[in-house]
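Participant: Have a look at this prediction, sequence included:
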Amino acid sequence: MSAEESYLTFLGTGTSVGIPVIGCICDVCKSPDPHNNRTRASLFIHTPETKVLIDSGPDLREQALRENITEIDAVLYTHSHLDHVVGFDELRAFCWKKKEPLPLYASESCLNVLINMFGWAFHADNTHSGYIKPDPRPISTQFTIGDLAIHPLHVLHGSVETHGYRIDTQGGFSIAYLPDVKTIPEESMELLGNLDLLIIDSLRNSPHSTHLCVPETLAIVDTLAPKRTLLTHICHELDHATLASSLTKNVSPAYDGLKISLRV
């Protein structure tokens, strides 16, 4: 896709351990199908005006090189679990060409984790040209980044404060990104109507204490009725082709490197 187009790219679609899982010899981890190679969940949104990264996981360097991402305008964080934040140091490559600090949008609790983990970057003495220059911006209500209108969506995912995001482009395309979720509160469900694309957690077939399983995800899809749904945060219990063949027409598993046009 060209620089003049609006699109999103799935940088990663896997769980906290990625796939293949270290030491695992299951059929999915040993699969020759590249769709079963899943790095940690992350998303990149590109419009002619704006480039936004969602989460900076441990595979960020690999993902950015693979997709030829050379600049970003901001980072959105869903929550502070390690598989979503520990690629923070890789953000320095995106700061070298910027005069202004890099905006980081997240809950106050997530920002506090980043500050505690990477205190050197947030310190007033951080003046070295090679360091990340973060601009922490706590989220609460709707905000804009360039030509994107962004609604933070509170969701339940274990004990850590977690958000998904509804993102609407100026061209009228609506996306919701909910990669880590077990329960969506009613106030967040109310912001998820009339979606062009729902991207949602679907860990495995059997229930999990902090993630949606496939039947739970499909029940939410039935309620929200988005035009299209893509499943992410998929573990090694689910083979891509087998999962894809079991789903209805407008629902499919995402995979690393998948690009979706944001044209209405």
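Facilitator: Arrived safely, thanks for sending.
Participant: Determine the set of other helices and strands touching the lowest-mean-pLDDT helix or strand in the chain.
Facilitator: Least confident helix or strand of the chain, by mean pLDDT, DSSP states H and E, is helix 119-122 with a mean of 91. Packed against helix 119-122 by the contact rule (3 or more C-beta pairs under 8 Å, 6 or more residues apart in numbering; DSSP states H and E) you find strand 134-138. Where C-beta positions appear, they are placed from N, C-alpha and C, glycine not excepted.
Participant: Name the strands paired with the strand it packs on and say parallel or antiparallel.
Facilitator: According to DSSP bridges, strand 134-138 forms sheet pairs with strand 102-106 (parallel).
Participant: pLDDT (mean, whole number) over the partner strand?
Facilitator: Across strand 102-106, the average pLDDT comes to 98.
Participant: Number the residues from 49 up from this point.
Facilitator: Happy to do that; since the first residue is 49 now, the last one works out to strand 150-154.
Participant: Report the buried residues of stretch 286-298.
Facilitator: By neighbour count with 16 or more other C-beta atoms under 10 Å, stretch 286-298 contains the buried residues L286, D287, H288, L291, L295.
Participant: any idea which of these is the one closest to A122?
Facilitator: H288 (30.7 Å; C-beta to C-beta).
Participant: D81 is in contact with the closest one, correct?
Facilitator: Yes - counting by C-beta atoms under 8 Å, H288 does reach D81; the two are 6.0 Å apart.
Participant: what do those two both touch?
Facilitator: Here H288 and D81 have no joint contacts, going by C-beta atoms under 8 Å, 6 or more residues apart in numbering.
Participant: check contacts around the closest residue to H205 other than its chain neighbours.
Facilitator: On the basis of C-beta to C-beta, 6 or more residues apart in numbering, the spatially nearest residue to H205 that is not a chain neighbour turns out to be D228, at 4.6 Å. For D228, the residues meeting the contact criterion (C-beta under 8 Å, 6+ apart) are A89, T126, H127, H129, H132, V203, H205, T210, D249, T258, H259, H281.
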